[in-house]
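Colleague: Output the structure for:
(chains A, B, C and D)
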There are 2 protein chains.
Amino acid sequence: MAAMARTLHHPEPADFELQQVLEALVDPVRRSIVQQLDAAGFDVKCGDFEIAVHKSTATHHFKVLREAGLIRQYYVGTSRFNALRRDDLDQVFPGLLTALTAPEASVR
Amino acid sequence: MAAMARTLHHPEPADFELQQVLEALVDPVRRSIVQQLDAAGFDVKCGDFEIAVHKSTATHHFKVLREAGLIRQYYVGTSRFNALRRDDLDQVFPGLLTALTAPEASVR
DNA sequence: GGAGAAGTATGATCGCTGTCAAACTATGAT
DNA sequence: ATCATAGTTTGACAGCGATCATACTTCTCC
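Modeller: Sure thing, here's the model as predicted:
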């Protein structure tokens, strides 16, 4: 079968919107994903996260994070990898991600 | 009539919860309130904010902000004044408020 | 005491979003 | 080809929260 490129839309930093970023980060599941990505330090497959929701719900959360500009996603085989867009985020909203991924903040 | 103290509950910094703070800040009206407080640099009466919602809705927003620990409220006559709890916030979630009230962030 | 000002409380509505189930697609291995 | 794996899509549902209107409370001032 002709390889159909599964393209994923990623916003440019110039198009990041605070409202959208906050809406993404207000959900505990999504914030946990960001935390795990940050703690790992490398890209993580969707299936390798510890998530307490159904697969299809997880897909939804990843989409919200991607469209807000928080993560970058790319396919490798049937797997989808996720990368934290820390540099882009830091550029547009300096200090925000750091404040939220701080170990102190994680506890609360 | 016997003066009934209108007491308002304010959480201690030790009891601040990130989830609650984010839920408070995700609403555009509430974030605008925080912005206006920060920009003013002094305490502001409820009625002196520029808010695009009904009075009773505003009361609701102030309550959410207060219970999350973002503002401190006190009565003066029939008016209620609002103070940004910047120091407390900075102590518990360093960098968060700064990141959100930055002029850069306000534009997005 | 009465009137007005400032804000609160309650109840109803309505839209949004997180959730799951089930069916589907795409890729890699046998 | 067949099958298994990884993730997506669609649809339905439930619960939450922002909103407003109305009625109420508390305080100030005359």
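Colleague: The least confident helix or strand in chain A by mean pLDDT near chain B at all?
Modeller: Least confident element among the helices and strands of chain A, by mean pLDDT, DSSP states H and E: helix A:103-107 (a mean of 79). Yes. Helix A:103-107 comes into contact with chain B (CB under 8 Å from any CB of the partner chain), by way of A:104-105. In short, each C-beta sits where N, CA and C put it, glycine included.
Colleague: What does the pLDDT read for residue A:6?
Modeller: We note a pLDDT of 69 for residue A:6 in this prediction.
Colleague: tell me, how many neighbours does residue A:24 end up with?
Modeller: 23 (other CB atoms under 10 Å in any protein chain shown).
Colleague: Now do residue A:35 against chain B, distance only.
Modeller: According to CB to the nearest CB, to the nearest Å, residue A:35 and chain B sit 11 Å apart.
Colleague: my read: that residue touches residue A:101, true?
Modeller: Yes. Between residue A:35 and residue A:101 there is a contact at 6.0 Å, judged by CB atoms under 8 Å.
Colleague: Okay, buried residues for the strand or helix carrying residue A:73 please.
Modeller: In the assignment (DSSP states H and E), residue A:73 maps to strand A:71-76. Residues A:71-73 are the ones in strand A:71-76 that count as buried (16 or more other CB atoms under 10 Å in any protein chain shown).
Colleague: ok, now stretch A:83-97?
Modeller: Neighbour counts using 16+ other CB under 10 Å place A:84-86, A:88-89, A:92-93, A:95-97 of stretch A:83-97 among the buried residues.
Colleague: Stretch A:54-67 too?
Modeller: For stretch A:54-67, by 16+ other CB under 10 Å, it's A:58, A:61-62, A:64-66.
Colleague: confidence score at the nearest residue to residue A:100 once chain neighbours are set aside?
Modeller: Spatially, and ignoring its direct neighbours in sequence, residue A:100 is nearest to residue A:25 (6.3 Å; CB to CB, 6 or more residues apart in numbering or on different chains). If you check residue A:25, the pLDDT there is 98.
Colleague: for residue A:25, what are its contacts?
Modeller: Residues counted as contacts of residue A:25 (CB atoms under 8 Å, 6 or more residues apart in numbering or on different chains) are A:31, A:34, A:70, A:100, B:22.
Colleague: and the least confident helix or strand of chain A, how far out from the chain's middle?
Modeller: Relative to its chain's centre, helix A:103-107 lies at 18 Å (CA atoms, centre = their mean, to the nearest Å).
Colleague: If we go by neighbour counts, what in that helix is buried?
Modeller: Result for helix A:103-107 [16+ other CB under 10 Å]: buried residues residue A:105.
Colleague: quick one on the thing from earlier: which neighbours do residue A:35 and residue A:101 have in common?
Modeller: Overlap between the contact sets of residue A:35 and residue A:101, as judged by CB under 8 Å, 6+ apart, is nil.
Colleague: contacting residues around the strand holding residue A:73?
Modeller: Residues contacting strand A:71-76 (CB under 8 Å, 6+ apart): A:6, A:8, A:10, A:33-34, A:37, A:62, A:65-66, A:80-85.
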